[in-house]
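**Q** just to be clear, the model below is a prediction. Sequence and coordinates:
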Amino acid sequence: MKRPLAAARLAIAIAVAAAAVSPLAGNASPQTSGPSQVDVPVAAAAAVAIVDRFGTALAAADYDTIAALLDPDVLILESGGAERNRAQYLQHHAISDAAFLQGAQVRLEHRRARTEGDLAWVASESEIRFRKDGQPRAVSSTETMLLKRGPQGWRIVHIHWSSRPKKTP
């Protein structure tokens, strides 16, 4: 089964990195630009920071940080497929996701986050621009991450990525 260039997964990861409009966003993370609509209450800021760190680490192929931010039993759903734990993701799609992100430009368009006790969710919508076969391409990307707070802080326990092609100008 051919995946759409893992663009959905990367789109989401990029959306995460795009939201990382922080001092870390200047190095290996994707370029971000343009205004975005962000609805993140103070109570959710620490969980959003983990999502941002994950996106930045993925764009930099920093697998140690990626591993530290994912729960060992993380469930990642994308394009009808599933990776059922951290090891499975790191051994397979994390590598292609990181490679994709190195040449992509991400623009966060919308983000909303909420917390309830030790659970948080962060939903992001982004546009990701990249080149494939020398041609400019773009996808609309959506990402939902569920995080759980434990003794070591917030960890990502679930990711759902989805994307669809956009017409490029």
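**A** Here it is on my side, so go on. Residues are numbered from 1 along each chain as shown.
**Q** what bits of this structure have low per-residue confidence?
**A** Scanning the chain for pLDDT under 70 picks out 1-35, 168-169.
**Q** which residue ranges form the strands in it?
**A** 37-39, 70-78, 81-83, 105-116, 119-132, 135-150, 153-166 (DSSP state E).
**Q** only the buried residues of the fifth one, if you could.
**A** Meaning strand 119-132. Buried residues in strand 119-132, defined by neighbour count with 16 or more other Cβ atoms under 10 Å: 120-130. Bear in mind the C-beta positions are built from the backbone N, C-alpha and C, glycine included.
**Q** would you mind putting those residues into CSV with distance to residue 145 alongside?
**A** Supplementary listing: the buried residues of strand 119-132 in CSV, determined by distance: Cβ to Cβ, whole Å:
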residue, distance to residue 145
120, 8
121, 7
122, 5
123, 8
124, 8
125, 13
126, 13
127, 18
128, 16
129, 22
130, 21
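**Q** from these, which is closest to residue 113?
**A** For the buried residues of strand 119-132, the residue nearest residue 113 by Cβ to Cβ is residue 122; the value is 4.3 Å.
**Q** how many neighbours does residue 64 have?
**A** Residues lying near residue 64 (other Cβ atoms under 10 Å) number 9.
**Q** over to residue 66?
**A** Using other Cβ under 10 Å, the number of residues around residue 66 comes to 24.
**Q** that one touches residue 55, doesn't it?
**A** No: using Cβ atoms under 8 Å, residue 66 is not in contact with residue 55; the gap is 9.8 Å.
**Q** picking up where we left off before, between the buried residues of strand 119-132, which sits nearest residue 41?
**A** Nearest member of the buried residues of strand 119-132 to residue 41, counting by Cβ to Cβ, is residue 120, at 10.3 Å.
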